[in-house]
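# requesting a structural model of the entry that follows:
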Amino acid sequence: MYIIGTVGPNISDKSVLKGIIQSGVNVLRFNFSHGNEQEFAGILKNAREIKEDIAVIVDLSGSKVRISDNFEYIYKIYDNEEIYFCGEDKYEKIKTNVGNFKNKVIPLNIKNRILYEGNHNRISIKDDTMIFKVKIKENEMIKAVTIKGGIVRKGKGCNIKDLNRDSFSLNEKDKKAIIWGLNHEIDIICYSFVENEKNIKEVKEFIDSNVNGKHRPRIWAKLETVKGINNTDAILKEVDGIVIGRGDLIPETSIEDTPIYEEKIISKVIKSEKKDLIIATHILNNMKIGKMPSISEVESVYGFIKLGVTGFLLAGETSIGKAPIKTVQFLKSLIDKYKIF
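All right, here's what the predicted structure looks like:
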């Protein structure tokens, strides 16, 4: 059973890294949406000194939508405030004048055409902690009213239901992450926002052209959209495992539909021989903020083990949580207890 710990600020402390590994983490996740190669190389060196055979995942961002790195401001957005969203290319044309706009402008890391041509009703930021209702299309931008505000800065993740990702391809940041992974002989490449087998074939082709006799990693697909879930069968044929990415699945669908989609994915994956099935994020969120785990969290872990999952991915619980070692210890104790029933 995989217990996957995500690298983050907590893990820069070697004693914490040693603690989570000794407590049960047998796979480290390097999320290339956050952090840099130099930082990750140092953590990986420390991890292999602690446990030579520790498995390592390079997690690629895929077609994850974020506030553009070209965004030069930090905005406080208030409830009921009207704002504009646009693509990076549109922002480049207007950014010298955005200070003169009546409303704040937030650029996303996608082409303006993809955003503007879609029929979107809702945009959210940072796992639904900020929510915006689309009002109209205006001046080649999306005008929205703020339902739930907060702080907006570059790099924050966004979710837009039913976004057309057909024109997206393997980006340069992900290519660099794959090269880093190959050079460091990592074990697994996890590709986010997979919607069809073409996405995986593109990753495989890039690996084939760069592996040069190096260790070849396994490939996992992270399913986070309805389209990806509907294509589970075809995707399964191309990968070694499936990750149910609940952190983005919830805002990409809805919290009430997420269990239905989870069941749909699980029922397909467990029929496939030798395919890993990982439940990611929202595992022990209470412990992330320093509280005792809830009965619903414990029941969820128990239920997933009984259904046949092969691992759990801790995200904020290890990367930024208040009790990373205790969280790992508790999850390990649950797994050891429940897998014998």
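
# which residue of this structure lies farthest from its centroid?
Here the centre of the chain is the reference, and by CA atoms, centre = their mean the most remote residue is residue 100, at 35.3 Å.

# got the confidence number for that residue?
At residue 100, the pLDDT value in this model is 84.

# do the same with the one 10 residues further on
Looking at residue 110, its pLDDT reads 96.

# what helix or strand is it on?
Of the helices and strands defined by DSSP states H and E, none includes residue 110.

# measure the residue lying closest to it once chain neighbours are set aside to residue 152 for me?
Using CB to CB, 6 or more residues apart in numbering and skipping the chain neighbours, the partner closest in space to residue 110 is residue 87 (5.3 Å). For glycine as for every other residue, the C-beta is placed from the backbone atoms N, C-alpha and C. When distance is defined by CB to CB, to the nearest Å, residue 87 is 16 Å away from residue 152.

# repeat for residue 236
Taking CB to CB, one finds residue 236 at 37 Å from residue 152.

# same thing with residue 99?
16 Å.

# now residue 69: phi and psi?
Per-residue torsions, residue 69: phi -70, psi -10 (degrees, to the nearest 10).

# ranges for the strands of the stretch 51-200 of the chain?
In the stretch 51-200 of the chain, the segments counted as strands under DSSP state E, counting those that start in this stretch are 55-60, 65-66, 75-77, 82-87, 104-108, 122-125, 130-138, 141-148, 150-152, 157-160, 188-191.

# adding mean neighbour count, write those out as JSON lines.
Below are these laid out as JSON lines (neighbours: other CB atoms under 10 Å):
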{"stretch": "strand 55-60", "mean neighbour count": "24"}
{"stretch": "strand 65-66", "mean neighbour count": "20"}
{"stretch": "strand 75-77", "mean neighbour count": "15"}
{"stretch": "strand 82-87", "mean neighbour count": "21"}
{"stretch": "strand 104-108", "mean neighbour count": "23"}
{"stretch": "strand 122-125", "mean neighbour count": "21"}
{"stretch": "strand 130-138", "mean neighbour count": "15"}
{"stretch": "strand 141-148", "mean neighbour count": "18"}
{"stretch": "strand 150-152", "mean neighbour count": "16"}
{"stretch": "strand 157-160", "mean neighbour count": "21"}
{"stretch": "strand 188-191", "mean neighbour count": "26"}
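
# would JSON lines of the ones you listed with distance to residue 320 be doable?
Below are those laid out as JSON lines (distance: least, CB to CB, whole Å):
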{"stretch": "strand 55-60", "distance to residue 320": "16"}
{"stretch": "strand 65-66", "distance to residue 320": "18"}
{"stretch": "strand 75-77", "distance to residue 320": "22"}
{"stretch": "strand 82-87", "distance to residue 320": "27"}
{"stretch": "strand 104-108", "distance to residue 320": "24"}
{"stretch": "strand 122-125", "distance to residue 320": "18"}
{"stretch": "strand 130-138", "distance to residue 320": "19"}
{"stretch": "strand 141-148", "distance to residue 320": "22"}
{"stretch": "strand 150-152", "distance to residue 320": "16"}
{"stretch": "strand 157-160", "distance to residue 320": "15"}
{"stretch": "strand 188-191", "distance to residue 320": "19"}
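
# which stretch among those comes nearest residue 338?
Residue 338 sits nearest to strand 55-60 of all these, at 22.0 Å, using CB to CB.

# what's the offset of the closest one from the middle of its chain?
When distances are taken as CA atoms, centre = their mean, to the nearest Å, strand 55-60 is centred 12 Å away from the chain's centroid.

# who are the packing partners of that strand?
strand 27-31, helix 172-183, strand 188-191 (3 or more CB pairs under 8 Å, 6 or more residues apart in numbering; DSSP states H and E).

# can you list the ones you listed in a markdown table and add mean pLDDT?
Formatted as a markdown table, the helices and strands packed on strand 55-60 follow (pLDDT from 0 to 100):
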| stretch | mean pLDDT |
| --- | --- |
| strand 27-31 | 97 |
| helix 172-183 | 95 |
| strand 188-191 | 98 |
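
# the strands in the stretch 201-341 of the chain, which residues?
Going by DSSP E, counting those that start in this stretch, the stretch 201-341 of the chain shows strands at 218-223, 241-245, 276-280, 311-314.

# same question for the shortest one, mean pLDDT?
When pLDDT is averaged over strand 311-314, the result is 98.

# direction included, what does it pair up with?
strand 2-6 (parallel), strand 276-280 (parallel) (DSSP bridges).

# my read: residue 67 touches residue 153, true?
Yes: using CB atoms under 8 Å, residue 67 is in contact with residue 153, at 6.9 Å.

# which one of those two is surrounded by more residues?
Taking other CB atoms under 10 Å, residue 67 and residue 153 do not tie; residue 67 has more neighbours (21 against 12).

# which residues touch the more buried one?
By CB atoms under 8 Å, 6 or more residues apart in numbering, the contact list for residue 67 reads 106-109, 125, 152-156, 158.

# could you dump the residues you listed to a markdown table with distance to residue 47?
Below are the contacts of residue 67 laid out as a markdown table (distance: CB to CB, whole Å):
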| residue | distance to residue 47 |
| --- | --- |
| 106 | 37 |
| 107 | 36 |
| 108 | 34 |
| 109 | 30 |
| 125 | 32 |
| 152 | 34 |
| 153 | 30 |
| 154 | 29 |
| 155 | 25 |
| 156 | 28 |
| 158 | 31 |
